[in-house]
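Q: coordinates only, sequence not included:
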Ligand code: GRF
């Protein structure tokens, strides 16, 4: 079995990073996390990655993008996974990693790009919220959407309660999307995502992937 080398970029608590690494250790998994990279020296995710036996590198503030670029090359990373990485990647980076870099965002894109997605969904009176995984393009939180999970907004939901339920779905969905990319079930070309060789018309869900 061919195992795809992935690198995860993160800035904070690292729950997605953790679920991605844990999934990689299951039998039959087609990907391996060869490096985790952060821009934040005090990110809790550093300890999570280290405890799970994954190399974790902290990049300096100055020229962080070039450091990341070099580290990904040094570890022969084939797929770059953004998991709560709080910096905007330069256009050149996105172009170099076209079709080989994915991001998770806590909203049903194209709704609520940027920050405070849960608050904005509540303020808008939405009934459904969720998370999206997309291939990265130079536009922020843009790029072909691969998969989404929906979460029903309940009466009395707060930003925190809603965020927690969305995060649960994120932690389940992200590893499965990566597994499908690593096993070439999911591909991206020319801004179109295909699943099992067929272009998708709407985002996949976790059920489609299992
Ligand atoms: C997640 O909500 C993700 O959607 C967003 O940043 C958060 C990262 O959470 N891009 P964690 O660090 O993986 O726990």
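A: Alright, I've got the coordinates. Just so it is clear, the model here is predicted, and its values are computed rather than measured. Residues are numbered from 1 along each chain as shown.

Q: from here on, contacts and neighbour counts on C-alpha atoms
A: Fine.

Q: Need the contact partners of the longest helix seen in the chain.
A: Secondary structure of the chain per DSSP state H: the longest helix is helix 159-182. With CA atoms under 8 Å, 6 or more residues apart in numbering as the test, helix 159-182 has contacts from 3-4, 15-16, 19-20, 23-24, 29-31, 104, 106, 118-119, 122, 129-131, 133, 146-151, 153, 186-187, 205-206, 209-210.

Q: Buried members of those residues into PyMOL, please.
A: Per 16 or more other CA atoms under 10 Å, the buried members of the contacts of helix 159-182 correspond to this PyMOL selection:
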select buried, resi 4+15+16+19+20+23+24+29+30+31+104+106+118+119+122+129+130+131+133+146+147+148+149+150+151+153+186+187+205+206
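
Q: near the ligand at all, stretch 15-30?
A: Yes. Stretch 15-30 comes into contact with the ligand (CA under 6 Å from any ligand atom), by way of 15-17.

Q: swap in stretch 126-139?
A: No. Counting by CA under 6 Å from any ligand atom, the ligand has no neighbours in stretch 126-139; the shortest distance is 6.7 Å.

Q: low-confidence ranges in this structure?
A: Residue ranges of the chain with pLDDT under 70: none are present.

Q: Can you pull the residues of it lying near the ligand?
A: For the chain, the contact set with the ligand under CA under 6 Å from any ligand atom comprises 12-17, 83-84, 104-106, 167.

Q: What is the burial count for residue 27?
A: When neighbours are defined as other CA atoms under 10 Å, residue 27 has 7 of them.

Q: Sitting in strands, which of the residues of stretch 15-30 next to the ligand do you find?
A: Nothing among the residues of stretch 15-30 next to the ligand maps onto strands, per DSSP state E.

Q: Can you flag which of those residues belong to helices?
A: Secondary structure from DSSP H places 15-17 of the residues of stretch 15-30 next to the ligand in helices.

Q: got these as TSV, with distance to residue 173 columns?
A: Shown next, in TSV, are those (distance: CA to CA, whole Å):
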residue	distance to residue 173
15	12
16	9
17	12
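
Q: Remind me which helix or strand the nearest residue to residue 69 once chain neighbours are set aside belongs to.
A: Ranked by CA to CA, 6 or more residues apart in numbering and with sequence neighbours excluded, the top spatial neighbour of residue 69 is residue 93, at 7.6 Å. Taking DSSP states H and E as the criterion, residue 93 maps to helix 91-96.
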